[in-house]
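>>> Test case, fold it:
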Amino acid sequence: MTPIIQALADYTKWGLARWHTPGHKGRMSLPYLLPEFDVTEVRDLTPKSVGEDVIRQSEDLMAESFGALRTRYSVQGATLPIMAAILATASPKSRVVVDRIAHQSVHSALILGNLEPVWAYSLLGPGGYPLPVDDKDRARLIMTTHPEAVIVTNPTYEGLSYSLTETQKVCRELHIALIVDEAHGTHFAGHKGFPESALGQGADLVCHGAHKTEPSLTQSGLLHIHPKVMPQLVARVGEVWDMLATSSPSYLLLASLDYLQSIRHQDSYHQEWMSLAERMRAIWTTCENDGLFILQNWWERQEKGLADPAKLTVIGDGSRLFDAIKPFGVEEKSDPLGISLIVTPKDDLSILMQALKQCPRTVFKPQSRRFWPRARQNLLPYRAWHAEREWVPVLSAVDRIAARPVIPYPPGIPIVVPGEVIDRDVILWLEENREWYRRGTGDLKGVERAFEGLFPGKGEEGLWVVKDRVS
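Next up is the predicted model:
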């Protein structure tokens, strides 16, 4: 039996539009995807610690296309760039300002580095979707806490972006490293109609999940280093990178990044993205005129920032929206309050319009709803992770301290972080959303089912909590 291969074959047979990552959408020829290219570090392919090798040559060409001092190729998605950037800039037990809507890879780095997070919280927008952290609010938080590093998530999972002007300014003045998780914004750089790239706004280290929107293979990522970064930091990033990165990178993944850097030097590539921006904004407007509520259009009307034209989030009854598009294509993310799609130049927009015409029109008032709980931090994530723990049923976890994160995936943003108190809002969120993630539209990491021999209550679902009750 080959269950993975069979599942992939079945998915391909559907022939549906793919409104999800990776950016090539399985609809284009990938000249680098050849079985004979799956090799290891031999002869001229061997990476070199001193001097140039073919990987460094390609990375330098990628850096040139982004205006970076140095670019590193990741075969571990955006996770490796994010974790390397954080651990290279913040020493153990130091304070870091972190957007609370950060991806789980950021939270993992906080545990590995034994760091003290100072959370920068987001407001909630229509449907309860987290908005970008306000730039001025974050800047004030940095000035009052003086962290060693600042870790920003921009854009949000739904592609909402905010200026980093004030954050960048205060980080420069206080000599604080500014790291931006721009995993969903690889395609921003150099394109009118898209949010300005974090690298263009002066961020020191910028992390990209290249596969999310670009024609590179899943698990390909980038770390960019700004030209004004001190040489010592460049060296430190390299040292941490070597600790975390696999010593046997996939040359198929590296080849896909090499292909990306080559097309980034072509005018036609940039024209495709800028054309998509115009067409997608027209689709947003058409949809709203036809009675749909589009989150990205709403954000731009607030005149706070731009939204990524490669994203389209329809807010309403998530189940009905899911059923409406199911015959046409596969979504990136769905939840009880909406559905999110990723669109690239490789998509057929006529099929997208057909699907959107089938979506139910509902009267939606854009008031905020508390969809993401805001739990109180009681212990540092490192301490909670390493503390003695126990499994308890979900309803018995009220007012206990989380020993493991609870992460709806997608979007991969923890509902509760190790060290946070599992309050009644968290339990309510779980009760309202657990069934959704059983439908096969995602996963809810951290909620574990009891099984015989380990937990009492066979089959019951529960959470890992710190055994000692800390006031």
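
>>> Isn't Trp119 up against Ile101?
No: under the criterion of Cβ atoms under 8 Å, Trp119 is not in contact with Ile101, lying 9.6 Å apart. Placement of C-beta: from N, CA and C, glycine included.

>>> neighbour-wise, which of these two wins?
Ile101 (24 against 17; other Cβ atoms under 10 Å).

>>> which residues does the residue nearest to the more buried one when sequence neighbours are not counted form a beta bridge with?
Nearest in space to Ile101, with sequence neighbours left out and distances taken as Cβ to Cβ, 6 or more residues apart in numbering, is Pro130 at 4.6 Å. Judged by DSSP bridges, the bridge partners of Pro130 are Leu124.

>>> Repeat that for Gly221.
Ser74.

>>> Number of residues surrounding the closest residue in space to Arg383 that isn't next to it in sequence?
Of all residues not flanking Arg383 in the chain, Gly419 sits nearest, at 6.5 Å (Cβ to Cβ, 6+ apart). For Gly419, the neighbour count with other Cβ under 10 Å is 26.

>>> Now do the contacts for Gly419.
By Cβ atoms under 8 Å, 6 or more residues apart in numbering, the residues touching Gly419 are 377-381, 383-385, 401-402.

>>> Would you format the residues you listed as CSV with pLDDT and secondary structure included?
What follows is these, written out as CSV (pLDDT from 0 to 100; DSSP: H, G, I helix; E, B strand; the rest coil):
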residue, pLDDT, secondary structure
Gln377, 94, strand
Asn378, 94, coil
Leu379, 96, coil
Leu380, 97, coil
Pro381, 98, helix
Arg383, 97, helix
Ala384, 97, helix
Trp385, 97, helix
Ile401, 97, strand
Ala402, 97, strand
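
>>> Ranking by neighbours, what's the top pick from the residues you listed?
Neighbour counts for those (other Cβ under 10 Å) peak at Ala402, which has 29 neighbours.

>>> Touching, that residue and Leu430? I think so.
No: counting by Cβ under 8 Å, Ala402 does not reach Leu430; the two are 11.9 Å apart.

>>> domains of this protein?
Split into domains by automatic domain parsing, the chain comes to 35-263, 381-466.

>>> okay, how far is it across the last one, tip to tip?
End-to-end span of domain 381-466 (Cα to Cα, to the nearest Å): 11 Å.

>>> next one: it to chain centre, how far?
Mean-position distance between domain 381-466 and its chain equals 21 Å (Cα atoms, centre = their mean, to the nearest Å).

>>> What average pLDDT does stretch 82-91 get?
Mean pLDDT, stretch 82-91: 98.

>>> Which residues in that stretch does the neighbour count mark as buried?
For stretch 82-91, a neighbour-count test (16 or more other Cβ atoms under 10 Å) marks 82-90 as buried.

>>> for stretch 298-317, same thing?
For stretch 298-317, a neighbour-count test (16+ other Cβ under 10 Å) marks 298-300, 305-317 as buried.

>>> Neighbours of Leu16, how many?
By other Cβ under 10 Å, neighbour count at Leu16 equals 16.

>>> can you pull the pLDDT of the closest residue to it other than its chain neighbours?
Spatial nearest neighbour of Leu16, excluding adjacent residues (Cβ to Cβ, 6+ apart): Gly329 at 4.8 Å. pLDDT recorded at Gly329 is 97.

>>> how much space is there between Gly329 and Arg439?
Applying Cβ to Cβ, to the nearest Å, the value for Gly329 to Arg439 is 17 Å.

>>> Next, the buried residues of the longest helix out of those in the chain.
Counting by DSSP state H, the longest helix found in the chain is helix 267-289. If you call a residue buried by 16+ other Cβ under 10 Å, then helix 267-289 has these buried ones: 269-270, 272-274, 276-277, 280-281, 283-284, 287.

>>> again, but for stretch 335-347
Of the residues in stretch 335-347, 335, 337-347 count as buried by neighbour count, 16+ other Cβ under 10 Å.

>>> For it, measure first residue to last.
OK, stretch 335-347 end separation, Cα to Cα: 23 Å.

>>> Tell me how far that stretch lies from the chain's centre.
Worked out by Cα atoms, centre = their mean, stretch 335-347 lies 14 Å from the chain centre.

>>> Ok, stretch 460-471 next?
28 Å.

>>> swap in stretch 200-212?
12 Å.

>>> Is Val118 bridged to anything, and to what?
With DSSP bridges as the rule, Val118 is bridged to Val97.

>>> In contact with it, which residues?
95-98, 141, 145, 147.

>>> how close does Ala109 sit to Ile179?
Counting by Cβ to Cβ, the gap from Ala109 to Ile179 is 10 Å.

>>> who touches both of the two?
Common neighbours of Ala109 and Ile179 (Cβ under 8 Å, 6+ apart) are 82, 86.

>>> between those two, who's got more neighbours?
Ile179 (30 against 25).

>>> element containing that one, please.
strand 177-181 (DSSP states H and E).

>>> One more: Cys171?
Under the criterion of DSSP H and E, Cys171 resides in helix 165-174.

>>> Next, count neighbours for Asp10.
9.

>>> can you confirm it is in a strand?
No: using DSSP: H, G, I helix; E, B strand; the rest coil, the secondary structure at Asp10 is helix, not a strand.

>>> That one and Lys326: what is the separation?
For Asp10, the distance to Lys326 - Cβ to Cβ - is 15 Å.

>>> give me every residue that touches Glu460.
With Cβ under 8 Å, 6+ apart, Glu460 has these contacts: 393, 449-450.

>>> Now, of those residues, which are buried?
Buried among the contacts of Glu460 (16+ other Cβ under 10 Å): Ala450.

>>> For Gly209, state which of the contacts of Glu460 is nearest.
Arg449 (30.3 Å; Cβ to Cβ).

>>> Settle this for me: that closest one is touching Glu461, isn't it.
Yes: between Arg449 and Glu461 there is a contact under Cβ under 8 Å: 5.3 Å.

>>> so where's the stretch 251-400 of the chain uncertain?
Applying pLDDT under 70 to the stretch 251-400 of the chain picks out residues 363-371.

>>> Okay, helices next: where are they in it?
Ranges of helices within the stretch 251-400 of the chain are 251-263, 267-289, 295-301, 318-325, 349-357, 381-386, based on DSSP state H, counting those that start in this stretch.

>>> hang on, the earlier thing: what do Trp119 and Ile101 both touch?
By Cβ under 8 Å, 6+ apart, Trp119 and Ile101 have no common neighbours.

>>> Need the nearest residue in space to Glu336, chain neighbours excluded.
Just so we're on the same page, residue 336 is Pro rather than Glu. Nearest residue to Pro336 in three dimensions, chain neighbours excluded: Gly318, at 4.4 Å (Cβ to Cβ, 6+ apart).

>>> show me where the stretch 101-250 of the chain has helices.
104-112, 135-145, 165-174, 231-244.

>>> Now the longest one: buried residues?
The one in question is helix 231-244. For helix 231-244, by 16+ other Cβ under 10 Å, it's 233, 237-238, 240-241, 244.
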